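**Student:** Mind folding the following:
(one chain, ligands or ions: 2)
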Amino acid sequence: MTDSFLAPFLERSRWFGGKGRAFTVTGTRELLRLGAAPEVVLLLVEVTYPSTGSGQAEDQRELYQVPLALYDEPQERLEHALVGHWPDDGTGRPAYDAPADRAAMAHLLRAFGERPGFVRLSGHDLDLDAPGSLFSGEQSNSSVLFGEDSVLKLFRKVTPGENPDITTHRVLTEAGSTHVAQLYGWIEVEDLQLGMLQQFLRTASDGWDLALASVRDLFAEADLHAEEVGGDFASEAARLGTALAEVHAQLATSFPVSSVDGADLAAAMRTRLAASVEVVPQLAEHASAAQRVFAAVADLGAVPVQRVHGDLHLGQTLRTVLGWKLVDFEGEPAKPLAERVLPDSPWRDVAGMLRSFDYAPHAVAEAMPEEDPDVLHQRGVRADEWARRNRKAFLAAYCGEAGLSPTGRALLTAYVVDKAVYECVYEARNRPTWLPIPLAGVARLTAG
Ligand SMILES: Nc1ncnc2c1ncn2[C@@H]1O[C@H](COP(=O)(O)OP(=O)(O)O)[C@@H](O)[C@H]1O
Ligand SMILES: O=P(O)(O)O[C@H]1O[C@H](CO)[C@@H](O[C@H]2O[C@H](CO)[C@@H](O)[C@H](O)[C@H]2O)[C@H](O)[C@H]1O
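**Tutor:** Ligands and ions are numbered 1, 2, ... in the order given. All right, here's what the predicted structure looks like:
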């Protein structure tokens, strides 16, 4: 078997989690074939990262789903999506990235409720003829929109067992939650959950884009404060806080609630920090201050845990005419599945949002080149002001009348630092020019 075309394809795909690491393609297996002209093949690709001795003692393996559209002849209109020839034994046909091909996606959509493994939930009259188009944008998976009816998310990195995006959406849909897109169905082959079909939120605006627009509004008005500009985001931040509190309450009702020892939580944060310093050496100077923040959690005793979102940020929120919706309950893409389905503290999600309110103004500032140190300083001050105002509004609404207890504060602070550390690794691997944003966050959070 040769990996001549799959390895470069993975390498150039946004959703591939192994960027920046040495890897080889060590196996391929067809999970299923369906349709004709094109024939769709759901291919499972095994990737191996060789051991590096010190940091990683053993080879690591990951599985990726690569759906291919096979044609008898090359397709000019799909040239941008050419993956290679499949099978890769010299007899193969031109193979294209199936999510980019409307004809291939029509086969998948029509399979819902028709083929074993394409599970369809009742309650929605699915439009099986809606034309598919691939979502653009930075994604960990590949999502295809069908008309204005439904969205099919094809998971790329897959692990045998439950996919929390599907299970959590299912539970919240069945509970009648107004804060998620309804689940319509999913694709399951053997013990792999490969795709999720859900309601398309047609009036949705991305929370991250809305936040950036608000920051730009502020930066355009040199003499005004965040609360004085038309694009002030604080009331939206507050609505988001309320929505998250409601989702957490529902998840606590629908999934088991238990507790973990604060010492174990702190240990996990310490371990992640140590591993992150290996990848981002600039973290080392903040490590002992971060350890002190984590140490406060170790003394808390039993900490309540439950099903949570796991990787919440503004880009996982959508503002619709019917309020805020949360998407993508898969947890952090870099974590193994076994960890992502474990109950966790709701403060992890709150921390993710607080970090996002820090990211938004600094991401806008990053995109505005400026050499005058006074202007730069002033912009930094205003960015911090925007972040503070929205963090405060979000947190106050999330906590409600009960407010934030000292225990909650200790946990939240630790989760915020832990998240910023995670982001440093994420940015170093995916968007190195943005590394200064979380690095500055770690420095600020651990100062004093
Ligand atoms: N049901 C939906 N309706 C409309 N847009 C959606 C829906 N679900 C997700 N999106 C949009 O697609 C983007 C990617 O979705 P997400 O679930 O985060 O995918 P990924 O797991 O690939 O990161 C989201 O940021 C959101 O803008
Ligand atoms: O959306 P994903 O589940 O793929 O999450 C990963 O990518 C996110 C970026 O797309 C990353 O989020 C970080 O950048 C955001 C701005 O792009 C910012 O709002 C978040 O606060 C910040 O964490 C996320 O961490 C990563 O897991």
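**Student:** Spell out which parts of the protein neighbour ligand 1.
**Tutor:** 135, 139-141, 143, 151, 153, 181, 198-201, 204, 206, 315-316, 318, 327-328, 330 (C-beta under 6 Å from any ligand atom). Every residue, glycine included, has its C-beta placed from N, CA and C.
**Student:** Now list the buried members of those.
**Tutor:** Neighbour-count burial (16 or more other C-beta atoms under 10 Å) is assigned, among those, to 140-141, 143, 151, 153, 181, 198-201, 204, 206, 315-316, 318, 327-328, 330.
**Student:** Can the helix or strand bottoming out on mean pLDDT in the chain be said to contact ligand 2?
**Tutor:** Between all helices and strands in the chain, the lowest mean by mean pLDDT, DSSP states H and E belongs to helix 337-340, at a mean of 90. No - Helix 337-340 lies out of reach of ligand 2 by C-beta under 6 Å from any ligand atom, never closer than 10.8 Å.
**Student:** Show me what that helix is in contact with.
**Tutor:** 159, 161-164, 310, 330-332 (C-beta atoms under 8 Å, 6 or more residues apart in numbering).
**Student:** same check, this time on stretch 32-41
**Tutor:** Contacts of stretch 32-41 (C-beta under 8 Å, 6+ apart): 30, 42, 67-72, 86, 95-96, 98, 101, 103-104, 107-108, 111, 115, 117, 189.
**Student:** which residues does the residue nearest to Thr317 when sequence neighbours are not counted contact?
**Tutor:** What sits nearest to Thr317 in space, not counting adjacent residues and going by C-beta to C-beta, 6 or more residues apart in numbering, is Gly207, at 3.4 Å. Neighbouring residues of Gly207 by C-beta under 8 Å, 6+ apart: 236, 240, 314-319, 324.
**Student:** 10 Å instead?
**Tutor:** 233, 236-237, 240, 313-319, 324-327, 353, 356, 360 (C-beta atoms under 10 Å, 6 or more residues apart in numbering).
**Student:** Show me the shaky parts of this protein.
**Tutor:** Applying pLDDT under 70 to the chain flags residues 1-3, 54-55, 138.
**Student:** sorry, back to before: give me the subset of the contacts of Gly207 that lies in helices.
**Tutor:** Among the contacts of Gly207, DSSP state H puts 236-237, 240, 353, 356, 360 in helices.
**Student:** The residue of the stretch 151-300 of the chain found nearest ligand 2 - how many residues pack around it?
**Tutor:** Nearest residue of the stretch 151-300 of the chain to ligand 2 (C-beta to the nearest ligand atom) works out as Trp208 at 5.6 Å. For Trp208, the neighbour count with other C-beta atoms under 10 Å is 19.
**Student:** can you check Leu145 too?
**Tutor:** 18.
**Student:** thinking again about what came up before, in the least confident helix or strand of the chain, what's buried?
**Tutor:** Neighbour count says helix 337-340 has 337, 340 buried, by 16+ other C-beta under 10 Å.
**Student:** ok, the closest residue to Ala57 other than its chain neighbours - contacts?
**Tutor:** Of all residues not flanking Ala57 in the chain, Ser51 sits nearest, at 5.8 Å (C-beta to C-beta, 6+ apart). Neighbour list for Ser51: 57-60 [criterion: C-beta under 10 Å, 6+ apart].
**Student:** Where does the stretch 1-150 of the chain get nearest to ligand 2, residue-wise?
**Tutor:** Ser140 (3.6 Å).
**Student:** Where does that residue fall, secondary structure wise?
**Tutor:** Secondary structure from DSSP states H and E places Ser140 outside every helix and strand.
**Student:** Please name the residues that touch the residue nearest to it when sequence neighbours are not counted.
**Tutor:** Counting by C-beta to C-beta, 6+ apart, Ser140 lies nearest to Pro333, which is 4.6 Å off, once chain neighbours are set aside. Residues in contact with Pro333 (C-beta under 10 Å, 6+ apart) are 15, 17, 140-141, 156-157, 311, 340, 426.
**Student:** Arg307 versus Gly408, what's the distance?
**Tutor:** Distance, Gly408 to Arg307, using C-beta to C-beta, to the nearest Å: 19 Å.
**Student:** quick one: which of the two has more around it?
**Tutor:** Arg307 (25 against 17).
**Student:** need the contact list for the more buried one.
**Tutor:** Arg307 neighbours (C-beta under 10 Å, 6+ apart): 164, 167-168, 171-172, 247-248, 250-252, 254-257, 329, 341-344, 346.
**Student:** ok, of the contacts of helix 337-340, which one's closest to Ala365?
**Tutor:** Glu332 (25.7 Å; C-beta to C-beta).
**Student:** Quick one: neighbours of the closest one, just the number.
**Tutor:** 15.
**Student:** How about Ser258?
**Tutor:** 12.
**Student:** how near is Gly27 to Trp86?
**Tutor:** 15 Å.
**Student:** what about those two, which has more around it?
**Tutor:** Higher neighbour count among Gly27 and Trp86: Trp86, with 23 against 13, using other C-beta under 10 Å.
**Student:** beta partners for the more buried one?
**Tutor:** Trp86 has these beta-bridge partners by DSSP bridges: Arg93.
**Student:** Test my guess that it contacts Gly92.
**Tutor:** Yes - at 4.8 Å, Trp86 counts as touching Gly92 under the criterion of C-beta atoms under 10 Å.
**Student:** Now do the shared contacts for the two.
**Tutor:** In contact with both Trp86 and Gly92: 5, 68, 70, using C-beta under 10 Å, 6+ apart.
**Student:** Among those, which lie within helices?
**Tutor:** Short answer: the shared contacts of Trp86 and Gly92 have none in helices (DSSP H).
**Student:** Could you export those residues as TSV, including neighbour count?
**Tutor:** Putting those into TSV (neighbours: other C-beta atoms under 10 Å) gives the following:
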residue	neighbour count
Phe5	17
Leu68	27
Leu70	22
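**Student:** Redo these as a markdown table? Include distance to Leu273.
**Tutor:** As requested, these are exported to a markdown table (distance: C-beta to C-beta, whole Å):
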| residue | distance to Leu273 |
| --- | --- |
| Phe5 | 38 |
| Leu68 | 40 |
| Leu70 | 46 |
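**Student:** For the stretch 251-400 of the chain, which residues are neighbours of ligand 2?
**Tutor:** So far as C-beta under 6 Å from any ligand atom goes, the stretch 251-400 of the chain lies against ligand 2 at 311, 313-315, 328, 332-333, 355-356, 359.
**Student:** 5 Å instead, please
**Tutor:** 311, 313-314, 355-356, 359 (C-beta under 5 Å from any ligand atom).
**Student:** which among the contacts of Ser51 gets closest to Lys392?
**Tutor:** Of those, the one sitting nearest to Lys392 (C-beta to C-beta) turns out to be Gln60, at 41.2 Å.
**Student:** tell me the phi and psi of the closest residue to that closest one other than its chain neighbours?
**Tutor:** Excluding the flanking residues, the one nearest Gln60 by C-beta to C-beta, 6+ apart is Tyr49, at 4.5 Å. Dihedral pair for Tyr49: phi -100, psi 120, per degrees, to the nearest 10.
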